[in-house]
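Participant: Everything below, folded, please.
(2 chains)
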Amino acid sequence: MSFQVMLQQLSSGMLNTMGIFFLTLLFSLPLGLLIAFGRMSKNKIISGFISVIISILRGTPLMLQLMVWYFFPFYLFGWSISGWRFPAVIVGFSINYAAYFAEIYRSGIEAIPKGQYEAGQILGYSKVQSFFKIILPQVIKIILPSITNEVITLVKDTSLAFSITYIEMFTLAKQIAASETSMMPFVISAVFYYIFNAIVAFVMGRLEKKMSYYS
Amino acid sequence: MSSEANTSSIQQRVYFEMNNIKKSFGDLQVLNDISISVQEGDVLSIIGPSGSGKSTLLRIATMLETMDYGDMSYMGEKAVSVVDGKSVYAKPARLKEIKKNFGLVFQNFNLFPHYTVLKNITDAPISVQKRDKTEVEAEAMELLRKMGLEDKADAYPSQLSGGQQQRVAIARALALKPNVLFFDEPTSALDPELTGEVLKVIKSLAEQHMTMVIVTHEMNFAKNISDRVVFMDKGVVALSGSPEEVFGSDNERMREFLGKVSH
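Facilitator: The predicted model follows:
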């Protein structure tokens, strides 16, 4: 297999990698906010339950979680899982990352001084207005560096989809490396990950800069 | 030390009133049977040592905190009534209406750091009161002119001095056109050389007959601009009356307090 063909095949695998990446962010960022609300709920049952869920999601390997999401419909209900592979990857990644994002959101929300809420209340903002107009924009600025860390980790974590043999770039690289007995696919995939992450870091850096119009 | 001697001959309307307020935090009784009222156009100053309950009283008046017992009304409308020996707050929709009657200027300004000065002032009138944007902005610019800050409309709060920030906070409160404006130690977070500019603004509001309740440690200021002064100590109103009555009183605790703050 020529270098050209390898590059071509891995590039098409890269599309699947990016699919996991963007869909995971799309679902996990809002879901994380919802989980953060649950975690901060005044209702002890809700906050306790959410704490346990977060602890399990952060305390077990993502690879294992992907397997659970993929196989449980079959083992629990005897359902056919054909066609469930990609959805299972997205569900597994989104829920796992939402747990991490939830804790980041929480740290940011708790860093906002109480006076900001009180000012909103006195000026007549509703709770929803207060949150989205006053609190959340300040939270985003605070948590952006932590979010960047998670997003960069996500780029590399996409390779874990191989555990349920979803064909993304790294799964392909392994297959080609085995059949061609060559290290080249790994080198190429390393370069791909690195470039992808360099772009991510650049974009997040720009976002941080954009948020630095006030201090 | 009867405080009933109100010299005003015109029948003034009571804008704000709270009666028999009690409040405890755990075992600590912070307010014990406090009653105050403010009439239209009057300035009421609340003075007293730290821990006397002044700030808690203000937080209850502005509904940032709930009372354990007592009643409270704005413009004659009951926000809290005593029913069967218990305080009952008005229904949320009603309370929301009543809350439009007052504004509060915080000790720490609490401006929104991600909004410009102008947006800090205009956002609530536009997005809460649903008023016309151009009209609100014109009024906000006029307020900034009065505060001497017209050139700061596009600045962010962090670019301003404490005194400038507090003046913006006052403009923000005024933009909602409250009937009663509360101040919680408005100069306590400021460097001494910056307190003057804020006090000047409050004084000019007093001259325009803005109804105000001011918790302050600035004794001379309280003496000069107040129509009435309340001296709080250990959760009760120890003295109340005209500035002359309160500051001239030979009440022992008042003398002791004045002795401490004048050092």
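
Participant: Run the chain-centre distance for stretch B:112-130.
Facilitator: 21 Å (Cα atoms, centre = their mean, to the nearest Å).

Participant: C-alpha coordinates for the helix or strand containing residue B:257, CSV please?
Facilitator: Secondary structure assignment for residue B:257, by DSSP states H and E: helix B:252-261. What follows is helix B:252-261, C-alpha atoms only, in CSV (Å, rounded to 0.1, in the frame of the first residue of the first chain):
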residue,chain,number,x,y,z
GLU,B,252,-25.5,57.0,76.7
ARG,B,253,-25.1,54.4,73.9
MET,B,254,-25.4,57.2,71.3
ARG,B,255,-22.7,59.2,73.0
GLU,B,256,-20.5,56.2,73.3
PHE,B,257,-21.0,55.4,69.5
LEU,B,258,-20.3,59.0,68.5
GLY,B,259,-17.2,59.0,70.6
LYS,B,260,-16.0,55.9,68.8
VAL,B,261,-16.6,57.0,65.2
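
Participant: So for that helix, what gets flagged as buried?
Facilitator: B:253, B:254, B:257, B:258 (16 or more other Cβ atoms under 10 Å in any protein chain shown). In this view, the C-beta of every residue, glycine as well, is placed from N, C-alpha and C.

Participant: pretty sure the third one contacts residue B:239?
Facilitator: Going back to what we said before, that points to residue B:257. No. Here residue B:257 does not reach residue B:239: they are 9.8 Å apart, not a contact under Cβ atoms under 8 Å.

Participant: so residue B:93, which of the three states?
Facilitator: When classified by DSSP: H, G, I helix; E, B strand; the rest coil, residue B:93 comes out as helix.

Participant: Equivalent analysis for residue A:64, please.
Facilitator: Per three-state DSSP, residue A:64 ends up helix.

Participant: Could you report the distance from it to residue A:70?
Facilitator: Using Cβ to Cβ, to the nearest Å, residue A:64 is found at 11 Å from residue A:70.

Participant: Next: residue B:230.
Facilitator: With Cβ to Cβ as the criterion, residue B:230 and residue A:70 are 70 Å apart.

Participant: Who has more neighbours out of the two?
Facilitator: Set residue B:230 next to residue A:70 and count neighbours by other Cβ atoms under 10 Å in any protein chain shown: residue B:230 wins out with 25 against 21.

Participant: right, and the helix or strand after the strand or helix carrying that one?
Facilitator: If you go by DSSP H and E, residue B:230 is part of strand B:228-233. Sequence-wise, the next helix or strand downstream of strand B:228-233 (DSSP H and E) is strand B:236-241.

Participant: The helix or strand following that next one - contacts with which helices or strands?
Facilitator: Per DSSP H and E, strand B:236-241 leads on to helix B:243-247 as the next helix or strand towards the C-terminus. When contacts are defined as 3 or more Cβ pairs under 8 Å, 6 or more residues apart in numbering or on different chains; DSSP states H and E, helix B:243-247 packs onto helix B:219-225, strand B:228-233, strand B:236-241, helix B:252-261.
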